[in-house]
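Novice: kindly return the folded structure for what I paste below:
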Amino acid sequence: MEQHALGWVLLASTLFGTAATGSRRDLEAIKEVAMDMVLSSFDDQYQGCSRMMEKELEELNRTEFTNPDYAEGWRGAVTEWRNRWGRAARPQALRQEQAMAVLAYTAERGLYKQFNTAVREGGRSREHYLQSFPFKTLHFLLTKALHTLQEAQGHSCHRVYRGIKGTRFTAQLHQTVRFGQFTSASLQKKVAESFGQDTFFFLDTCYSVPIKNFSFYPGEDEVLIPPYEVFKVTNFTRVRDGNFIHLHSQTALSTYNCEFVKGTGRQQGGCPREMAGDRAQPWAGAAVLPA
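Specialist: Below you'll find the predicted structure:
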């Protein structure tokens, strides 16, 4: 039961406390955006401080539930969780709270738009993250979900595709870029094309993971790319109806690490090395959902 403790706390908060491969968004005028390293991104990987972060999440989650889109996203994730796995079950590989975070992010609701924008801007400064970033819980759980799945599935690279409607991204050959947010792509080219072709990405990614079993839309064969993955532009083609960008994974690069626990003063002597089993520790001291 202890292994699912925080998962039930998040469930309780959801019930009683208050994208995807591209997305089928409203039609907008096409805009042009130059790709770069998105240095304003909040790109923390929480290396060495997972358990310290976990101790903070119960209170953080209560605070963040004042955002109605966040609360609605978690409610939808809870409903989908129960439909798929029931109250006592857990999906393979991911812990309950991690799986619900993936479900909440991939749902077609307002949460992912706000979250993506916040992540792209959340690293403008450490103070901005600590004082103004409103999705600390979701960012941590999604990051740890990617780490957990990568460990379970083995480190591998994937050829994936991403279609965009309403924005034409531009890039320079041999430039290094990041998306600077959690970014969905598909293993199926036709699926990605259905989301738009104003910009179409061909990506060789080595830090993403397939999330089909945990996505709100498993038929999309979704792969989730982290904000910190760095790509090299290997080809850029501009045609009449859209831009084609080929990206090849280079490395992972984060400006931030363990910023929240540093900010609360709970971390002593900087980030310790990740201890064996750190990512699989139970959520201590959490109450469970009443029967």
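Novice: when you work out contacts or count neighbours from here on, use the C-alpha atoms and nothing else.
Specialist: Noted.
Novice: quick one: find the helix or strand in this protein with the lowest mean pLDDT.
Specialist: Least confident helix or strand of the chain, by mean pLDDT, DSSP states H and E, is helix 5-16 with a mean of 50.
Novice: direction included, what does the helix or strand immediately after that helix in the chain pair up with?
Specialist: Downstream of helix 5-16, the first helix or strand assigned by DSSP states H and E is strand 31-34. Partner strands and pairing direction for strand 31-34 (DSSP bridges) are strand 167-170 (parallel).
Novice: give me the mean pLDDT for the strand it pairs with.
Specialist: Mean pLDDT, strand 167-170: 98.
Novice: now do stretch 149-157
Specialist: Rounded mean pLDDT across stretch 149-157 is 91.
Novice: how about stretch 34-48?
Specialist: Stretch 34-48 carries an average pLDDT of 98.
Novice: quick one: the helices in this structure?
Specialist: In the chain, the helices defined using DSSP state H lie at 5-16, 50-64, 68-85, 96-106, 111-121, 126-132, 136-153, 189-193, 259-264.
Novice: any low-confidence regions in this protein?
Specialist: Counting by pLDDT under 70, the ranges of the chain that qualify are 1-28, 87-91, 265-291.
Novice: if we go to 50?
Specialist: Along the chain, segments meeting pLDDT under 50 span 1-3, 8, 12, 14-27, 268-291.
Novice: how close does the nearest residue to Asn61 once chain neighbours are set aside sit to Ser186?
Specialist: In this structure, Asn61 finds its nearest non-sequential neighbour in Thr137, 6.1 Å apart by CA to CA, 6 or more residues apart in numbering. Using CA to CA, to the nearest Å, Thr137 is found at 25 Å from Ser186.
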